[in-house]
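Undergrad: Mind looking at a prediction? Sequence and model below.
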Amino acid sequence: VIDLTGKTALVTAAGQGIGRASALALAAAGARVIATDINADALSPLTEHGIETRVLDVLDADAISECMAQVGAVDILFNCAGVVHGGTIMEASDDDLDFAYALNVKAMVRMCRAVLPAMINKGDGAIVNMASVASSTKGVPNRFVYGTTKAAVVGMTKALAADHVAQGIRCNCICPGTVETPSLKERLSAQGDYEATRSAFVARQPIGRIGTAEEIADLVVYLAGATYTTGQAINIDGGWTI
Ligand code: NAD
């Protein structure tokens, strides 16, 4: 059992999907949780669970500095914010690449930089970054920009872990396969035939179904509390990468 009592955890993109489920799971494990998102309305129901909420656009460097100045030291950071661009290299503009890089990579770097000084000072801290199976792990069709940026998350995670392991920092990333979230529903609907696209996504799952946000949240909690795991990219994908 992972007990996070006495720890403070900050989660980005906690308004829905995996971020929301993780904020709830971290709170259930005993942590004081600060849930952040750009969408204030999506955050507000979390307060019923004793979770503190803050509007934070991770693309805004000044907003990150301001947020961390107000929040102070955190023991756990879950960097969940990310965007999925659909398409091959031929369908990806420089703007698509810049936007995905800004959100999926640069914002994550800034969040890590913002929490690290206090973690190093304390000699203890856990960072969990959201990558994907579509990364350095696996080439997934129509995920060119996405896979490029999520591979960068794997690289950043390992580099940060190597630099700060002796200072008591653990940094790992999560590589989910397909997970039931509001944005997945949007992606499936955008293909036209929702049911057919959904069936095709289920068919590529050896385990026979799409994962839940709560299943991913369990791994976030594990990595938030893990004391002997660092620099790892952990697949959680219903057997997609067997
Ligand atoms: P989602 O896409 O359904 O929700 C994303 C949340 O991020 C929303 O609440 C939105 O308001 C917030 N957000 C968007 N831009 C933001 C910004 N600039 N600053 C702060 N918050 C912002 O959530 P999801 O599908 O659970 O995805 C979360 C993460 O998990 C992403 O990084 C995604 O790439 C990754 N992931 C998802 C899947 C999947 O199948 N759903 C699989 C692998 C990895």
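TA: Perfect, thanks for sending it.
Undergrad: what residues does the chain put near the ligand?
TA: Residues of the chain lying close to the ligand (C-beta under 6 Å from any ligand atom) are 12-13, 15-19, 37-39, 42, 56-59, 80-82, 84, 103, 130, 132, 176, 178-179, 181-184, 213. C-beta here means a position set from N, CA and C on the backbone, and glycine is covered the same way.
Undergrad: mind listing the strands in the chain by residue range?
TA: 8-11, 32-37, 52-55, 76-79, 125-130, 169-176, 179-180, 211-212, 233-236 (DSSP state E).
Undergrad: in the second one, what's buried?
TA: Spelled out, it's strand 32-37. Judged by neighbour count using 16 or more other C-beta atoms under 10 Å, the buried positions of strand 32-37 are 32-37.
Undergrad: Columns pLDDT on top of those, output as CSV?
TA: Below are the buried residues of strand 32-37 laid out as CSV (pLDDT from 0 to 100):
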residue, pLDDT
32, 98
33, 98
34, 98
35, 98
36, 98
37, 98
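Undergrad: closest to residue 217 among those residues?
TA: residue 33 (11.6 Å; C-beta to C-beta).
Undergrad: my guess is that closest one meets residue 26, correct?
TA: Yes: at 5.0 Å, residue 33 and residue 26 qualify as touching, with contact defined as C-beta atoms under 8 Å.
Undergrad: remind me which residues of the chain are low pLDDT?
TA: Nowhere does the chain drop to pLDDT under 70.
Undergrad: Which residue is most remote from the mean position of it?
TA: residue 193 (28.3 Å; C-alpha atoms, centre = their mean).
Undergrad: how close does that one sit to residue 200?
TA: 10 Å (C-beta to C-beta, to the nearest Å).
Undergrad: same check, this time on residue 56
TA: On the measure of C-beta to C-beta, residue 56 and residue 200 end up 35 Å apart.
Undergrad: Of the two, which one has the most company?
TA: More crowded of residue 56 and residue 200, by other C-beta atoms under 10 Å: residue 56, with 26 against 12.
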